[in-house]
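Visitor: Predicted structure and sequence below. I'll ask about it afterward.
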Amino acid sequence: MTGMQSLHRGLSAALQGVARAAIFIAGLAMVAMTAVVAWGVFGRFVLNDTPAWAEASALLLMAWVILGAAAAGVREGFHMGFETLRDTLPSGLALAFNMLSDLVITVFGAAMAWYGSDLALTVWDATLPTLGLPGTVEYLPITLGGALMALFGIERLVARLATGRAPVGIPSDTVLTDS
């Protein structure tokens, strides 16, 4: 086994748990968001007193749902790609296009993490009025989701360099196709 293949296997094993944790946290956030929205609706229409924190909490939880699931989607190949063009190309060129797609996703995730952390640090001393939390919590999903997207993109690139395919046990292409 080559060094690249060892790196690929170790990285995939480590990131499998990270991906499961991201999906678990996104799932918990979805359940919490559902409860918060239900309470907000109940408060508005039954108690005639909408809780001020409900909307802000639901939006914050939605960010965790979206970005956690999006990061795991990068790992599993659910991100956008150019399958129609790629499928008409010779295998070597198709691999190059797959790697280019994974590289773009990796750079995009890294940029999200970088600029999200910059925003988070900028508003650290601000307080969200309805929640009483530091302003940073609004940008943590962007920062962490972007970091995970970058990590999962790197995993896909390493796997393609080692094996010519997406990571083992993960779909090599997106689930949503052009057909």
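Guide: Here it is on my side, so go on. The model shown is predicted, which means the values in this text are computed figures rather than measured ones.
Visitor: those helices in the protein, which residues are they?
Guide: With helices called from DSSP state H, the chain shows them at 3-45, 52-76, 83-87, 91-122, 140-163.
Visitor: Let me have those in JSON lines, adding distance to Pro129, mean neighbour count and mean pLDDT as columns.
Guide: All C-beta spots, glycine's among them, are computed from the backbone N, C-alpha and C. As requested, those are exported to JSON lines (distance: least, Cβ to Cβ, whole Å; neighbours: other Cβ atoms under 10 Å; pLDDT from 0 to 100):
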{"stretch": "helix 3-45", "distance to Pro129": "17", "mean neighbour count": "15", "mean pLDDT": "89"}
{"stretch": "helix 52-76", "distance to Pro129": "8", "mean neighbour count": "20", "mean pLDDT": "91"}
{"stretch": "helix 83-87", "distance to Pro129": "46", "mean neighbour count": "14", "mean pLDDT": "72"}
{"stretch": "helix 91-122", "distance to Pro129": "17", "mean neighbour count": "16", "mean pLDDT": "92"}
{"stretch": "helix 140-163", "distance to Pro129": "18", "mean neighbour count": "22", "mean pLDDT": "92"}
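Visitor: Setting aside sequence neighbours, what's the nearest residue to the spatially most central residue of the chain?
Guide: In the chain, the centroid-proximal residue (Cα atoms, centre = their mean) is Ala71; its distance is 1.9 Å. The shortest distance from Ala71 to any non-neighbouring residue, by Cβ to Cβ, 6 or more residues apart in numbering, is to Leu148 (3.5 Å).
Visitor: Could you pull up the residues touching the one you found?
Guide: By Cβ atoms under 8 Å, 6 or more residues apart in numbering, the contact set of Leu148 is 18-19, 22, 68, 71-72, 74, 109.
Visitor: And those residues, which is closest to Phe42?
Guide: Gly68 (26.6 Å; Cβ to Cβ).
Visitor: Surely that closest one touches Arg20?
Guide: No: here Gly68 does not reach Arg20: they are 10.9 Å apart, not a contact under Cβ atoms under 8 Å.
Visitor: Pretty sure the residue nearest to the centre of the chain sits against Pro141.
Guide: No: checked against Cβ under 8 Å, the pair Ala71 and Pro141 is beyond contact range at 9.8 Å.
Visitor: Relative to Leu15, how far out is the residue nearest to Ala71?
Guide: To Leu15, Leu148 is 9 Å away according to Cβ to Cβ, to the nearest Å.
Visitor: And Leu61, by the same measure?
Guide: Using Cβ to Cβ, Leu61 is found at 24 Å from Leu15.
Visitor: Report the contact partners of His8.
Guide: By Cβ under 8 Å, 6+ apart, the residues touching His8 are 155, 158-159, 161-163, 167.
Visitor: and the gap between it and Met99?
Guide: Taking Cβ to Cβ as the measure, His8 falls 14 Å from Met99.
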